[in-house]
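>>> Sequence plus the predicted model coming up.
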Amino acid sequence: MAVTAKAKALRAQGENVIGFGAGEPDFPTPDHIVAAAVEACRDPKMHKYGPAAGMPELREVVAQKTLERSGYNGSASQVLITNGGKHAVFAALATIVDDGDEVLLPAPYWVTYPEAIGLAGGVPIVLATDDTTGFQVTVEQLEAARTERTKALIFVSPSNPTGAVYSADETAAIGRWAADNDVWVITDEIYEYLVYGDAQFSSIAGLVPELQDRCIIVNGVAKTFAMTGWRVGWMVGPPDVVKAAANLQSHSTSNVANVSQAAALAALTGSMEPVEEMRKAFDRRRRTMYSMLSAINGVQVIEPQGAFYAFPSFASLLGSEIRGHHPTTTLELAELALEEAHVAIVPGEAFGAPGFARLSYALGDADLEEGVGRLADFLTT
């Protein structure tokens, strides 16, 4: 978001900046969802406070959807509607983590995870992965990091920022390890529909039923339905955990905006055709970005399988001369690329992965090609 803000400032000065920073679809919310929100605005009962845990009909649909997609068989009472997926992550950690508890966090990670762990009083235990392992953590790494203070693991597939997708076998192995060692799993499934090629989404909760009493699913409508600004997410988990998280929410934010909940209900019960059209566009852009990045000398990149990000390594270029400068970190490289080439990328330092950078392909095809082309010229001329 800081990169995006700086890019906007340059645009305000009249500069033509292409931004690969924002983690949100560039499409408008589908029309039938917007229409449901407009209708809700005109309904007087939507103008009042609602249940703190969410509209009963939305909680019911989320429970059913989670059973169908993730294999987690929970009732509506095991669903908490939150103010976006980020709030669901915070609520889950605040509910189960005590002061000093350790939370295993594979890196590269989404920037909010370590902050939310710390706010809950926990200690993030970062487990490094890189492109040689497909940005996937192993059971051996998890076991080596486990201590008597280990409370939970944050598991994400498809991944932000890497686009990595764990196979069903890999997911199940991690789930069995967690179940065998009484480790909680918070599984972030926000990108579940955005997978490409041979990759398939699989839920750790559904693959390992014995884990379900110690598993919390977080999800939302933001990425799938191009609804980042509507702020509707949810957590699904054991009854006592959800009840406690709902109590916390009732004294912090209370209910999510009713109109946004009505829109989310329309999204989950309506046609999935717009979702598939967006997924196809992301897939096309994914292949373009991967091809163009792969052609840049000194840049190494693995083909992303999910979400809408590529996560190339610029490590071999650091320290070399680029436009009269010698950037030694990807943070410096990103600042230089923004200033010199008017291309905004997010440095890997933000994700616990120095030497890498995240480029979102959730932008128009023409801008994508122009932007990666600028980056190539900036790095090689």
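Structure's in. What do you need?
>>> C-alpha only now, for contacts and for neighbours.
Noted.
>>> How about the contacts made by residue 86?
Shown in contact with residue 86 (CA atoms under 8 Å, 6 or more residues apart in numbering): 112, 233.
>>> And it, how far from residue 265?
19 Å (CA to CA, to the nearest Å).
>>> again, but for residue 149
39 Å.
>>> Sketch out the low-pLDDT regions of the chain for me.
Applying pLDDT under 70 to the chain flags residues 1.
>>> Do you have the helices of it handy? List them.
2-12, 31-41, 56-70, 85-96, 112-119, 139-145, 168-180, 204-207, 239-250, 258-269, 273-294, 330-341, 365-380 (DSSP state H).
>>> just those: most buried one?
helix 204-207 (a mean of 25; mean count of other CA atoms under 10 Å).
>>> what packs against that helix?
Counting contacts by 3 or more CA pairs under 8 Å, 6 or more residues apart in numbering; DSSP states H and E, helix 204-207 is packed against helix 56-70, helix 168-180.
>>> what's next to the shortest one, contact-wise?
Put plainly, it is helix 168-180. 138-139, 184-185, 201-205, 207-208, 210-211, 214.
>>> run the last query once more with 7 Å
139, 184, 202, 204, 207, 208, 210, 211 (CA atoms under 7 Å, 6 or more residues apart in numbering).
>>> same deal with stretch 203-212?
With contacts defined as CA under 7 Å, 6+ apart, stretch 203-212 is touched by 70, 71, 72, 171, 172, 175, 176, 179, 215.
>>> who are the neighbours in contact with the first one?
Put plainly, it is residue 70. Counted by CA under 7 Å, 6+ apart, residue 70 has contacts 203, 205, 206.
>>> Kindly recompute the last result at 10 Å.
64, 189, 192, 201, 202, 203, 204, 205, 206, 207, 217 (CA atoms under 10 Å, 6 or more residues apart in numbering).
>>> With the last one instead?
Contacts of residue 215 were listed using CA under 10 Å, 6+ apart, and they are 72, 92, 152-153, 175, 178-179, 183-187, 204-205, 208-209, 236-238, 241.
>>> picking that back up, could you provide the helices and strands packed on helix 204-207 in JSON lines, with additional columns for distance to residue 2?
Compiled in JSON lines, those are given as follows (distance: least, CA to CA, whole Å):
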{"stretch": "helix 56-70", "distance to residue 2": "33"}
{"stretch": "helix 168-180", "distance to residue 2": "33"}
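>>> Would you mind splitting the protein into its domains for me?
With domains defined by automatic domain parsing, the chain comprises 2-23+273-380, 31-269.
>>> circling back: identify, from the contacts of helix 168-180, the entry nearest to residue 246.
Comparing these against residue 246 with CA to CA places residue 184 closest, at 18.8 Å.
>>> quick one: the closest one and residue 104, what's the gap?
On the measure of CA to CA, residue 184 and residue 104 end up 10 Å apart.
>>> Nearest the middle, which residue of the protein would you pick?
With distances taken as CA atoms, centre = their mean, residue 160 lies nearest the centre of the chain, 4.6 Å away.
>>> buried set for stretch 292-312?
For stretch 292-312, burial by neighbour count (16 or more other CA atoms under 10 Å) applies to 293-294, 296, 298-312.
>>> which residues touch residue 50?
By CA under 10 Å, 6+ apart, the neighbours of residue 50 are 56, 254, 255, 256, 257, 258.
>>> The nearest residue to the last one once chain neighbours are set aside and residue 220: what is the separation?
Nearest-residue entry for residue 258: residue 46, 5.7 Å, with adjacent residues in sequence omitted and distances by CA to CA, 6 or more residues apart in numbering. Using CA to CA, one obtains 21 Å as the distance from residue 46 to residue 220.
>>> Which one of these two is surrounded by more residues?
For residue 46 versus residue 220, the count of surrounding residues by other CA atoms under 10 Å is larger for residue 220: 27 against 16.
>>> hey, what's that one bridged with?
Beta-bridge pairing of residue 220 under DSSP bridges involves residue 233.
>>> thought it was touching residue 81?
Yes: counting by CA atoms under 10 Å, residue 220 does reach residue 81; the two are 8.8 Å apart.
>>> Find residues that contact each of those two.
With CA under 10 Å, 6+ apart as the test, residue 220 and residue 81 both reach 62, 88, 232, 233, 234, 235.
>>> Grab the two from those residues that are most spread out in space.
62 and 88 (13.7 Å).
>>> Touching both of these two, which residues are there?
Joint contacts of residue 62 and residue 88 (CA under 10 Å, 6+ apart) are 80, 81, 219, 220, 233, 234, 235, 236.
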